[in-house]
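Engineer: Test case, fold it:
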Amino acid sequence: MTAQQEVLVVEHSAAVSNILKSLIFQAYGFNVEVAHNLIALRTLLRRKPGRFFAAIVDSQLPNAEQCEAIDLTLIAGIPTLAFVPNQTCLHDRDLWDKGIADYAYKSGAHSLEHMVWSVNRIFLNRDLGVLIAGSDAPELEAASDRLKRVGMQVFYCDNSDEAMYTLHQHSQIKIILLDCTQALIDGFELLNELRETHGKNDLEIIAIADDSSLSGTLLKSGANQVITLPFPPEVLLNEVNKAAERMVCRQQIKQLHQDKTKLVTRTAFDVRSPLAAIKAAASVLKNEDVSKKRQQSLITMINDNCSNMLNVIDSVMDNNSFTTSGFQLELEGLDLSKIVQERVNLHQFEADTKQLKIQLDTHPRTQIQGDKLKLKQIVDILISNAINTAPENSVVKISTALSQDYAFFRIIDSGPEIPRQEINDLFKTFDSQSSKPERSDLIALRKLVEVHDGSIYYSRNKKDLSVFSVEFPVSA
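Structural biologist: This next block holds a predicted model:
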């Protein structure tokens with residue numbers, strides 16, 4: 001865990017501290033250090049200076065009922081969340097005056113959840129900017145101090161031009177507090193100008209009004225939320241927190257949609273080759289002159305390809321097979337040459353429909369560690385790509401080879417040359433909108449190869465033929 005990635009919990013109750021530690025780690029993965037008394041707290045602060053980005057502190061530690069523990073964490077510069085035993089032991093104004101980031105009462109599971117949520121909010125706030133536009137109102141001055149306490153970056157401007165310039169200069173600004181009560185700035189004009197360039201999903205605007213009758217007009221003009229003066233600073237802090245959470249939720253929804261699109265498209269690629277082989281075999285079976293031996297071979301091939309498609313579908317349905325961070329592999333010792341031989345046999349009927357001749361040259365021993373299903377997908381994509389792009393009555397050369405450290409799989413065909421300006425982008429980020437299906441196949445392929453610690457290359461040889469090469473580390 002790197003610096004400023006840890007949470008400090010100061011709590012005399014072992015049961016409460018253990019619950020907090022478990023909840024924080026399970027929800028967000030942050031490491032948690034616990035101190036049960038002032039002595040342990042002082043030791044931790046000396047031993048790990050600058051390590052904690054947030055602290056949850058029991059305001060009434062034994063022998064420290066005057067919030068001495070809170071004072072220590074604040075002096076250390078740690079945003080502090082006060083955990084107060086009950087609503088009568090300490091007035092909330094005293095806590096705010098000390099400089100805490102927030103507080104909660106020990107009143108049930110919801111208070112624990114609030115503390116855990118607040119920890120993550122402070123962590124995320126380090127990358128969040130808030131612009132206060134056109135205000136010297138006491139309420140906003142006090143609120144800006146609260147925003148800084150929870151780690152937000154606060155910017156200020158006095159007029160519309162300065163607001164647009166500041167927003168342009170600081171991409172971390174995602175929330176604007178727009179004071180529509182000041183003569184220095186025309187809130188409605190700035191609202192319209194902001195919404196010309198930033199949609200509601202991209203920029204949260206909280207309008208401050210001194211007349212509740214303006215709320216409807218401000219909302220229709222583009223504000224996400226309207227707050228009417230006067231209000232305590234905690235109210236505005238709460239609204240800013242909610243705006244920040246809405247931004248997070250939108251980003252998560254967007255990411256989930258992208259992940260779903262990638263998964264669906266990748267799965268379509270994985271099943272396309274087996275389907276093409278089955279279609280080719282079915283076309284051959286329609287011919288009444290097919291021998292019994294040939295029929296049996298075709299039926300076996302169809303059955304094998306159906307099994308492959310079922311394996312792909314099963315892997316998609318298994319929640320552990322795909323994650324947002326990549327593939328989950330089931331590694332085992334495999335012979336790359338045997339896999340290539342098997343896949344060539346399955347694609348032979350596709351090649352026959354184009355009168356393609358496949359020349360296969362495999363090394364007898366190419367042992368690697370890999371996921372069998374995904375290695376089959378790698379070979380399938382490359383063979384299918386070669387068959388699709390090679391002209392009729394041409395030759396596709398497929399080979400495996402072995403060096404001291406790597407096993408190689410190579411396909412050479414006379415398909416069209418890939419323009420030089422496209423080669424560098426050939427295996428780059430997966431693009432579900434690609435207008436070239438064979439290119440999208442290869443982009444998906446790159447991820448499959450890389451999770452096996454392998455590499456993939458494209459070139460043109462001296463005979464001006466396309467060469468795709470894949471290398472995998474050999475088994476130890």
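
Engineer: Please enumerate the strands of the stretch 301-450 of the chain.
Structural biologist: Here the stretch 301-450 of the chain has its strands, by DSSP state E, counting those that start in this stretch, at 322-323, 326-327, 331-335, 357-361, 367-371, 395-402, 406-413.

Engineer: Take those strands and lay them out in JSON lines including distance to E193.
Structural biologist: All C-beta spots, glycine's among them, are computed from the backbone N, C-alpha and C. Shown next, in JSON lines, are the strands of the stretch 301-450 of the chain (distance: least, CB to CB, whole Å):
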{"stretch": "strand 322-323", "distance to E193": "42"}
{"stretch": "strand 326-327", "distance to E193": "42"}
{"stretch": "strand 331-335", "distance to E193": "56"}
{"stretch": "strand 357-361", "distance to E193": "64"}
{"stretch": "strand 367-371", "distance to E193": "53"}
{"stretch": "strand 395-402", "distance to E193": "60"}
{"stretch": "strand 406-413", "distance to E193": "56"}
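
Engineer: I299 is nearest to which of those?
Structural biologist: Closest to I299 of the strands of the stretch 301-450 of the chain is strand 357-361 (CB to CB; 21.0 Å).

Engineer: Give me the angle between the closest one and strand 395-402.
Structural biologist: Going by axes from the mean of the first three to the mean of the last three CA atoms, to 10 degrees, strand 357-361 is angled at 10 degrees with respect to strand 395-402.

Engineer: okay, strand 357-361 in PDB with CA atoms only?
Structural biologist: Output in PDB follows, covering the C-alpha atoms of strand 357-361 (Å, rounded to 0.1, in the frame of the first residue of the first chain):
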ATOM      1  CA  LYS A 357      -4.600 -25.100 -49.500                       C
ATOM      2  CA  ILE A 358      -3.400 -25.200 -45.800                       C
ATOM      3  CA  GLN A 359       0.300 -26.200 -45.400                       C
ATOM      4  CA  LEU A 360       0.900 -27.200 -41.800                       C
ATOM      5  CA  ASP A 361       4.400 -27.500 -40.300                       C
END
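
Engineer: for it, packing partners?
Structural biologist: Contacts defined by 3 or more CB pairs under 8 Å, 6 or more residues apart in numbering; DSSP states H and E place strand 357-361 against helix 336-353, strand 395-402.

Engineer: mean pLDDT lowest for which of these?
Structural biologist: In terms of mean pLDDT, the lowest-scoring of the helices and strands packed on strand 357-361 is helix 336-353 (a mean of 87).

Engineer: got a list of contacts for that one?
Structural biologist: For helix 336-353, contacts defined as CB atoms under 8 Å, 6 or more residues apart in numbering pick out 273-274, 276-277, 280-281, 283-284, 298, 301, 304-305, 357-358, 360, 362-368, 370, 372, 375-376, 379-380, 383-384, 387, 396, 398, 400, 407, 409, 472.

Engineer: got the angle for that helix vs strand 406-413?
Structural biologist: 10 degrees.

Engineer: Tell me the buried residues in helix 336-353?
Structural biologist: Along helix 336-353, these residues count as buried under the neighbour rule (16 or more other CB atoms under 10 Å): 336-337, 339-340, 343-352.

Engineer: Those residues into CSV, with extra columns for distance to M247?
Structural biologist: As requested, the buried residues of helix 336-353 are exported to CSV (distance: CB to CB, whole Å):
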residue, distance to M247
L336, 47
S337, 52
I339, 46
V340, 48
R343, 46
V344, 51
N345, 53
L346, 48
H347, 48
Q348, 54
F349, 53
E350, 49
A351, 52
D352, 56
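
Engineer: follow-up on the earlier one: minimum distance to K447: which of the helices and strands packed on strand 357-361 has it?
Structural biologist: Per CB to CB, nearest to K447 of those: helix 336-353, 18.4 Å.

Engineer: related to what we said a few turns ago, could the helices and strands packed on strand 357-361 be laid out in CSV, adding distance to Y103?
Structural biologist: What follows is the helices and strands packed on strand 357-361, written out as CSV (distance: least, CB to CB, whole Å):
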stretch, distance to Y103
helix 336-353, 61
strand 395-402, 66
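
Engineer: Can you select the buried ones among the contacts of helix 336-353 for me in PyMOL?
Structural biologist: In PyMOL, a selection of the buried entries from the contacts of helix 336-353 looks like this (16+ other CB under 10 Å):
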select buried, resi 273+274+276+277+280+281+284+298+301+304+305+358+362+366+367+368+370+375+376+379+380+383+384+387+396+398+400+407+409+472
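
Engineer: what separates stretch 110-119 from the chain centre, distance-wise?
Structural biologist: Stretch 110-119 sits 23 Å away from the centroid of its parent chain (CA atoms, centre = their mean, to the nearest Å).

Engineer: what's next to that stretch, contact-wise?
Structural biologist: 7, 16, 19-20, 23-24, 27-28, 30, 54, 56, 81, 83, 101-102, 104-105, 150.

Engineer: Drop anything exposed from the residues you listed.
Structural biologist: The neighbour-count test (16+ other CB under 10 Å) applied to the contacts of stretch 110-119 identifies 7, 16, 19-20, 23-24, 30, 54, 56, 81, 83, 101-102, 104-105, 150 as buried.

Engineer: Low-confidence bits of the chain, can you list those?
Structural biologist: Applying pLDDT under 70 to the chain flags the ranges 1-4, 86-92, 135-137, 182-185, 288, 315, 317-328, 420-444, 476.

Engineer: Might one say that V316 is in contact with L263?
Structural biologist: Yes - assessed by CB atoms under 8 Å, V316 is found in contact with L263 at 6.8 Å.

Engineer: Next, the angle from the top helix by length along the chain to helix 336-353.
Structural biologist: Determined from DSSP state H, the single longest helix within the chain is helix 233-285. Angle of helix 233-285 versus helix 336-353, following the same axes, to 10 degrees, is 60 degrees.
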